[in-house]
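Asks: 3D model of this:
(2 chains)
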Amino acid sequence: MSVAIVTGGASGLGDAIAHRLARVGQTVVVADIDAEGASTTAAAIADAGGRAVAIGCDVTSRSEVDAMVAEAAGIGPIATLVLSAAIENVTPLVDLSDEDWQHVLDVDLKGPFLCMRAAIPHMVEHGGGSVIALGSTLGLIVSPGHAAYSAAKGALVNLCKQAAIEHAPDNVRVNLVAPSATDTGLFMKFSAMAPDPEKLRAQIAATNPMQRIGRGEEVCDLVAFLASDASTYLSGSVIPLDGGMAARRIV
Amino acid sequence: MGPVTISAGLDFTALLPDKVALITGAASGQGRAAARLFGAHGARVVVADINDEGAAETVRMMEESGSEAVAVHADVSVRADVDTMVAAAMERYGRLDVLYNNAAVQMSGRLVDCTEEDWDLTIATNLSAIFWACRAALPALLEGEGGSVINTASTLGLIGSEGYAAYGAAKAGLVLLTKQIAVEYGPSVRANVIAPGSIDTPRFRKVLDATPGAEAFVEGLKKNIPVRRLGTADDVARIALFLASDLSSYVSGAIIPADGGLAVYR
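Replies: Just a heads-up that it's a prediction; the model follows:
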């Protein structure tokens, strides 16, 4: 029985991905700084007939990440690592504080680094694995007010390429999914803060070539594909999941 | 670089008249080459570096050839130093037209062997430092007639290579940070990236000295470079000059490789 670690699994896309990977038969380690939320996700997976374990984990803490991965490895071979934990900050560059800059870089970039560094040696030992990072359209193109988020997500793209190249001979594949706004992720949290959330969502949808925002299930489909043996020759890739949004702009 | 006469109406001998340029990492290599070239084109240059001796030598060389420059101590991995550096430039010259973020550290090591300390230092020096410098300098750049931000990324910020997890990530983050500045401050400030490949600088030589079979390694590198030679610090400085000057007045958010074609070859 293979293990899938999903960071940020307590809510949003992480929660949806955890459910999906449990449905395809993996034992899911739901890792999140929100331990209570992680337990809720794990319980919901168990109620639906799947196997899941909740572990409280702040991905910016090396010791917590190392402990989380060690606990996961004790359950079974880690075949899948989904790097889903992330935060978003919307502030013009000149108004961005040191603390906010550092926090976004720590969660969105250093977190994936610490998780990969801890989990990849274990994958290598067990003959390989698949790492799937959740990037963002804003790691490929930019939009005003996303200095820290864009820098972190842009850096994540290259971090994944590095890891892909270094561990290709070990059969560890590393790929990045770059979603635009979805009905399940950070976008819903962010847009909920707008004076008229539905209006903002409609406006964002209108700027997309497909005239709609993405669905959480669509992200799960792609993550499940990348976790599966259907993608055994796919590594170091950056896959936009954005209705064509990034393609329309010059990158 | 001598006078260039390719277009009537533009003086290619003094591309940066009266401009003030702040260049980090200007004590050696690419930063020093840019400082000297900017000075030769009429700019007053703030030579910032963690290496005070090298920075003083850059200033001495520039003064010897009739340029104006001042050295400022800055460890760009320390936020307070970055703020002080920008303040010193403003105090000295009262304006800032060009911010050239060239300082960087390069540590290699495979991802699973990269320590948290090396990761943090690389991200601070090669990414956070540029955020700090831009945040401090943008108000001054916005005041002028059109500021230019030039950020040094790397071929390794565009593609992956074994052993550069932290470095490659920081440089790729810098590419997006630069695009972000281009988008947010577009009306008055341009922001662009130079992505150098293998450049024959003192730092490169230092890495080579520690590499077994250095000559064979260099020959191997050259095989992957379409122009079949390493770059020079002057190769990069000329691109920086273009980006600093009004020659590039409609170039913003661009990534300009200085790599002899390396990035497209792979």
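
Asks: Check which helix or strand residue 203 maps to.
Replies: Just going to use chain A. Per DSSP states H and E, A:Gln203 falls inside helix A:197-207.

Asks: right idea, wrong chain: chain B
Replies: Here B:Arg203, judged by DSSP H and E, is contained in helix B:202-209.

Asks: now do B:Arg190
Replies: strand B:189-196.

Asks: do the same with A:Val59
Replies: With DSSP H and E as the test, A:Val59 turns up in no helix or strand.

Asks: And for it, the neighbour number?
Replies: Close neighbours of A:Val59, defined as other C-beta atoms under 10 Å in any protein chain shown, add up to 26. Every C-beta, even on glycine, is put in place using the N, C-alpha and C of the backbone.

Asks: Let me see the backbone angles for it.
Replies: Phi and psi for A:Val59, reported as degrees, to the nearest 10, are phi -70, psi -10.

Asks: now it: how far from A:Val3?
Replies: 17 Å (C-beta to C-beta, to the nearest Å).

Asks: related to what we said a few turns ago, quick check: neighbours of the strand holding B:Arg190 in the sheet, parallel or antiparallel?
Replies: Counting by DSSP bridges, the strands paired with strand B:189-196 are strand B:147-152 (parallel), strand B:255-258 (parallel).

Asks: would TSV of those strands with mean neighbour count and mean pLDDT be doable?
Replies: Output for the strands paired with strand B:189-196, formatted as TSV (neighbours: other C-beta atoms under 10 Å in any protein chain shown; pLDDT from 0 to 100):
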stretch	mean neighbour count	mean pLDDT
strand B:147-152	26	97
strand B:255-258	19	90
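
Asks: Please tabulate these in JSON lines, including the columns distance to A:Ala79.
Replies: What follows is those, written out as JSON lines (distance: least, C-beta to C-beta, whole Å):
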{"stretch": "strand B:147-152", "distance to A:Ala79": "39"}
{"stretch": "strand B:255-258", "distance to A:Ala79": "36"}
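
Asks: mind listing the strands for the stretch 51-200 of chain A?
Replies: A:52-56, A:78-83, A:129-134, A:172-179 (DSSP state E, counting those that start in this stretch).

Asks: and the stretch 151-266 of chain B, which residues reach chain A?
Replies: B:156-166, B:168-177, B:179-181, B:183-185 (C-beta under 8 Å from any C-beta of the partner chain).

Asks: Name the residues of the stretch 1-150 of chain A found near chain B, please.
Replies: Within the stretch 1-150 of chain A, the residues that sit near chain B (C-beta under 8 Å from any C-beta) are A:62, A:92-94, A:96, A:98, A:101-102, A:105, A:109-110, A:113-114, A:116-117, A:120-121, A:138-139, A:141-148, A:150.

Asks: what's the single longest helix in chain B?
Replies: Longest helix in chain B, counting residues (DSSP state H): helix B:165-184.

Asks: One more: chain A?
Replies: In chain A, ranked by residue count with DSSP H as the criterion, the top helix is helix A:147-167.

Asks: OK, contacts around B:Leu241?
Replies: Taking C-beta atoms under 8 Å, 6 or more residues apart in numbering or on different chains as the criterion, B:Leu241 is in contact with B:15-16, B:34, B:37-38, B:41.

Asks: ok, now which ones touch the most centrally placed residue in chain B?
Replies: Chain B has B:Asn102 as the residue nearest its centroid, 2.7 Å off, counting by C-alpha atoms, centre = their mean. Taking C-beta under 8 Å, 6+ apart, we find B:Asn102 in contact with B:23-26, B:30-31, B:34, B:150, B:152, B:240.

Asks: if we go to 7 Å?
Replies: Contacts here follow C-beta atoms under 7 Å, 6 or more residues apart in numbering or on different chains; on that basis B:Asn102 touches B:23-26, B:30-31, B:34, B:152.

Asks: And it, how far from A:Ala206?
Replies: In terms of C-beta to C-beta, B:Asn102 sits 42 Å off from A:Ala206.

Asks: what are the ranges of the strands in the stretch 1-150 of chain B?
Replies: Taking DSSP E, counting those that start in this stretch, the strands of the stretch 1-150 of chain B run over residues B:20-24, B:44-49, B:69-73, B:98-101, B:147-152.

Asks: Helix B:202-209 and the very next helix or strand once past the helix holding B:Arg203, what's the angle between them?
Replies: As assigned by DSSP H and E, the chain's next helix or strand after helix B:202-209 is helix B:214-223. If you take axes from the mean of the first three to the mean of the last three C-alpha atoms, to 10 degrees, helix B:214-223 sits at 120 degrees to helix B:202-209.

Asks: After helix B:214-223, which helix or strand is next?
Replies: Beyond helix B:214-223 toward the C-terminal end (DSSP H and E), the next one is helix B:233-244.

Asks: pull the CA atoms of that next one into CSV?
Replies: Presented in CSV, the C-alpha positions along helix B:233-244 are these (Å, rounded to 0.1, in the frame of the first residue of the first chain):
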residue,chain,number,x,y,z
ALA,B,233,32.5,40.7,-18.0
ASP,B,234,32.4,43.3,-20.7
ASP,B,235,30.0,41.2,-22.8
VAL,B,236,27.5,41.5,-19.9
ALA,B,237,28.3,45.1,-19.1
ARG,B,238,27.4,46.2,-22.6
ILE,B,239,23.9,44.7,-22.2
ALA,B,240,23.6,46.4,-18.9
LEU,B,241,24.6,49.7,-20.5
PHE,B,242,21.9,49.2,-23.1
LEU,B,243,19.3,48.5,-20.4
ALA,B,244,20.4,51.5,-18.3
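
Asks: Go through that helix and flag the buried ones.
Replies: Across helix B:233-244, burial judged by 16 or more other C-beta atoms under 10 Å in any protein chain shown covers B:233, B:235-244.

Asks: next one: stretch A:138-148
Replies: Judged by neighbour count (16+ other C-beta under 10 Å), stretch A:138-148 contains these buried residues: A:138-143, A:145-148.

Asks: re earlier: for ChimeraX, write the select line for the buried members of the contacts of B:Asn102.
Replies: Listed next is the ChimeraX selection for buried residues among the contacts of B:Asn102, using 16+ other C-beta under 10 Å:
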select /B:23,24,25,26,30,31,34,152
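
Asks: quick one: average pLDDT of the helix holding A:Gln203?
Replies: In this model, helix A:197-207 has an average pLDDT of 92.

Asks: Run the chain-centre distance for the following helix or strand past that helix.
Replies: Scanning forward in sequence from helix A:197-207 by DSSP H and E, the next helix or strand is helix A:216-227. Distance of helix A:216-227 from the chain centroid (C-alpha atoms, centre = their mean, to the nearest Å) equals 11 Å.

Asks: Next, the residues that contact helix A:216-227 from outside, please.
Replies: Counting by C-beta under 7 Å, 6+ apart, A:4, A:13, A:16-17, A:20-21, A:24, A:80, A:82, A:130, A:132, A:175, A:177, A:179, A:182-184, A:231, A:234, A:239, A:241 sit against helix A:216-227.
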